[in-house]
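Peer 1: Next comes the sequence, and after it the predicted model I'd like to discuss.
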Amino acid sequence: MSEIDRKRIEIAEICRVEGHSAVSVTIDDGKVTEVKLEVFEGTRFFERIVLNHHFDEIPHITSRICAICSTGHVLAAIFSLEKIFGFTPSRKTNLLRELMHLGMIIESHATHICALALPDFLGTPDLLSFATTHPEAFAIWGALRSLGAKVQTVVGGRPFHPVNLHVGRFAHEPDAAELMPLLHMLSNNMDIAIKLCEILLALKLPFEKTYQSSFLSLISEDSHYSYFGRNVISSEGWQASVNDYKQYMDERVVGYSHAKHSTVSGKPFMVGSLARLHFFSERLGPAAGRLYGKSPLSAGQQNTVLNNLAQAIELVEAIERAQAVINQLLNYPQEPHESFVAPVPTAGQATGAVECPRGTLYHYYQLSEQGAVMAADMITPSAQNAARIEHDIRVVAEEYHGQQPSQMLEKNLETLVRAYDPCNTCATHMVRVQYANID
Amino acid sequence: MSCARPIPKVAVESLTGCAGELLIILENLEKLLPFIRLSRFTFAQSTNEVGPVDITFVEGSVSQPHDLEKLKKIRANSRWLVAVGNCAVWGCVQKGGCSACSPENMLKSVYGEQSNIEVMRAAPPREYVKVDVELSGCPINATQFLSVTASLLKDHLPYITHKPVCLECKLRENPCVLIEQNLPCLGPVTAAGCGALCPSLGAACYGCWGPCESPQMDAMATILAEKGFSIADILVRLKSFGAPDKLFERIESLLPRDPSKEGNLYV
């Protein structure tokens, strides 16, 4: 009678996430004894690849870490390099960078919410059934994705892996004739973004209880909701400069995964839309603020699956804010040959950070006097969330393995992982849960 | 003619890369869905079949044994295998960014001495299996992707040219940023297809589509050296996006290299 009743949940490949990962859960005598989130995307060594490259190549190379958040990787690199040079970009450059970033937020959030997360709730296992049985949601995705891609194409030159963003400046500053159509496109899509948010507000969560942890987010230096900043805030009540990320965050290699695991004060934490809204909901624009007020988030709920809704609120916010940015750009005093002093390469080191769709992204570089990279480090949001995803699976599997039938639990665990919008190409696709009784 | 032919099956697979080609394909699927059956696309759907398909699009490079196993299965199951994106055609930055580094040393420097992750030197699928069509780009051009797909659905192998970016740049009547602005533009040795995106915005082409046909690397290096760039810097730039090492043998022979140093430490 000493046999252990062992159940294993094996999710061999999580579908509808970016990159390749698997989940395994071991349940012995009704107790969850082991949880592993295995990221098996091939390793790509970007910290090593960038060495010896001249600084002007770095944004182009780091862009390739991940397509959907390429703008974030470009900006984090530029912010770090400009910090090293002590360079302050023009206000117009900052506005264009913000617009570019908002384009990424719109495209990435729309793709995740509609194409990756929503099919769980709509019960559409493949794209064809999604397109044919829920044409309205499918059309919303198409429209919002095109909107985000268009913003990034006008500002950055293409929908991802932008070619127009450089250290110090834009190669070409889009003029009023290029920006005006964007303004119309943004205002025309506001209603469907709100509609998408309302679809998400009405969804039933698969679990009432998920793991709770601290949140971490950049603090914007502006008064509006923003994705840029030089300091972070923790819900444990402290703030720090991103330059000190190695002091407040531990990163360790785990044997079974190609993604490193991060902890703060020895515990997993969460970055991303839920975290940002936790700190800065009062900075939202009017439409996004109203939707937030109607959401369970405003009542203090922190259920992980609500991250989908948090992204939908940010999507509305991004469309509102992008219009404000364009209006500022259109009213920007015309100075055709604004005096531009290119950054002068100097030796030094600094950390740049940006709030990507999935959370805070850090890039650290050390440069030689000639402007070549001597050392580099990149900490991605998906790597920061990896440890928390494991804890979340553990908490949920423990709470619900007796309550939900195995097939449902398996499916719901996948929904849980997907809510983080994990990006495994950054951190370095179908969940199949197998229950087996091993004696 | 129009007698009952089964709907062609299409699969979209990825090895190691940034998932950019998956995004381009996902964004253009609506145009294809009426004509194909999407058998596999784990990035985009939960129900995926195994077994033979008419066309497989594969993105990413072979960077680990897992990728190679997967690629061999993909090849065995595909009538047409189409490699999409720079990663799958040249190996992109994970091959070219540090082409002289050993993967084992890179692993140690990023994941620590004890790491047991299995790694391979990043390489495009063609180095391991027969590839029927190669579509470079970082990302690929959506129009090219759709026309190649249309062609293959009619059982016709498309013809793809690899003219240099300069050709597209001249057609757009851009001023030359290499000659007139002394920017390190790699347009003369880079495959076109992007529409000369960077020079059209006043920036230097950085080679993201990989090399054009018969790239004149020696001449390119000479021009850049005349502009004041060091041979070391030039080599690093020319290799960043996966151009094969054998194109650089002559340029490299000009450089004194310290054999005790590993990697692209010419600087």
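Peer 2: Nice, I can see it.

Peer 1: Just give the number of residues close to residue A:328.
Peer 2: 14 (other CB atoms under 10 Å in any protein chain shown). Using the backbone N, CA and C atoms, a C-beta is placed for each residue, glycine as well.

Peer 1: pLDDT value on it, please?
Peer 2: With respect to pLDDT, residue A:328 scores 96.

Peer 1: roughly how far apart are it and residue A:95?
Peer 2: 6 Å (CB to CB, to the nearest Å).

Peer 1: can you give me the end-to-end distance of stretch B:224-243?
Peer 2: 17 Å (CA to CA, to the nearest Å).

Peer 1: Measure how far it is from the centre of its chain, please.
Peer 2: 19 Å (CA atoms, centre = their mean, to the nearest Å).

Peer 1: And stretch B:6-19, by the same measure?
Peer 2: Distance, centroid of stretch B:6-19 to centroid of chain: 16 Å (CA atoms, centre = their mean).

Peer 1: how about it: buried residues?
Peer 2: Residues of stretch B:6-19 classed as buried by neighbour count (16 or more other CB atoms under 10 Å in any protein chain shown): B:8, B:9, B:10, B:11, B:12, B:13, B:14, B:15, B:16, B:17, B:18, B:19.

Peer 1: how far out from the middle of the chain is the helix or strand containing residue B:143?
Peer 2: Assigned by DSSP states H and E, residue B:143 belongs to helix B:142-153. Centroid separation for helix B:142-153 versus its chain: 17 Å, with CA atoms, centre = their mean.

Peer 1: Just name whatever secondary elements that helix is in contact with.
Peer 2: helix B:20-32, strand B:53-59, strand B:78-84, strand B:133-135 (3 or more CB pairs under 8 Å, 6 or more residues apart in numbering or on different chains; DSSP states H and E).

Peer 1: Now tabulate the ones you listed in a markdown table and tack on mean neighbour count.
Peer 2: A markdown table is the format used below for the helices and strands packed on helix B:142-153 (neighbours: other CB atoms under 10 Å in any protein chain shown):
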| stretch | mean neighbour count |
| --- | --- |
| helix B:20-32 | 21 |
| strand B:53-59 | 26 |
| strand B:78-84 | 24 |
| strand B:133-135 | 21 |
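
Peer 1: mean pLDDT lowest for which of these?
Peer 2: The bottom spot among the helices and strands packed on helix B:142-153, by mean pLDDT, belongs to helix B:20-32, with a mean of 91.

Peer 1: For it, list the C-alpha coordinates in CSV.
Peer 2: What follows is helix B:20-32, C-alpha atoms only, in CSV (Å, rounded to 0.1, in the frame of the first residue of the first chain):
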residue,chain,number,x,y,z
GLY,B,20,8.7,37.1,-37.8
GLU,B,21,7.8,35.0,-40.8
LEU,B,22,5.0,33.4,-38.8
LEU,B,23,3.6,36.8,-38.3
ILE,B,24,3.8,37.7,-41.9
ILE,B,25,2.1,34.4,-42.9
LEU,B,26,-0.5,34.8,-40.2
GLU,B,27,-1.3,38.3,-41.4
ASN,B,28,-1.8,37.1,-45.0
LEU,B,29,-3.7,33.8,-44.2
GLU,B,30,-7.1,35.3,-44.9
LYS,B,31,-6.1,35.5,-48.5
LEU,B,32,-5.1,31.8,-48.6
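
Peer 1: Other residues contacting the helix or strand just after that helix?
Peer 2: Following helix B:20-32 in sequence order, the next helix or strand is strand B:37-40 (DSSP H and E). If you take CB atoms under 8 Å, 6 or more residues apart in numbering or on different chains as the criterion, strand B:37-40 is touched by A:126-128, B:7-13, B:29, B:44-45, B:48-51, B:53.

Peer 1: Which of those residues fall in strands?
Peer 2: Per DSSP state E, strands hold the following members of those: B:9, B:10, B:11, B:12, B:13, B:53.

Peer 1: Grab the nearest non-local neighbour of residue A:147.
Peer 2: residue A:189 (5.0 Å; CB to CB, 6 or more residues apart in numbering or on different chains).

Peer 1: Just confirm that neighbour is within a helix.
Peer 2: Yes - per DSSP: H, G, I helix; E, B strand; the rest coil, residue A:189 lies within a helix segment.

Peer 1: That's all I had, so thanks and see you.
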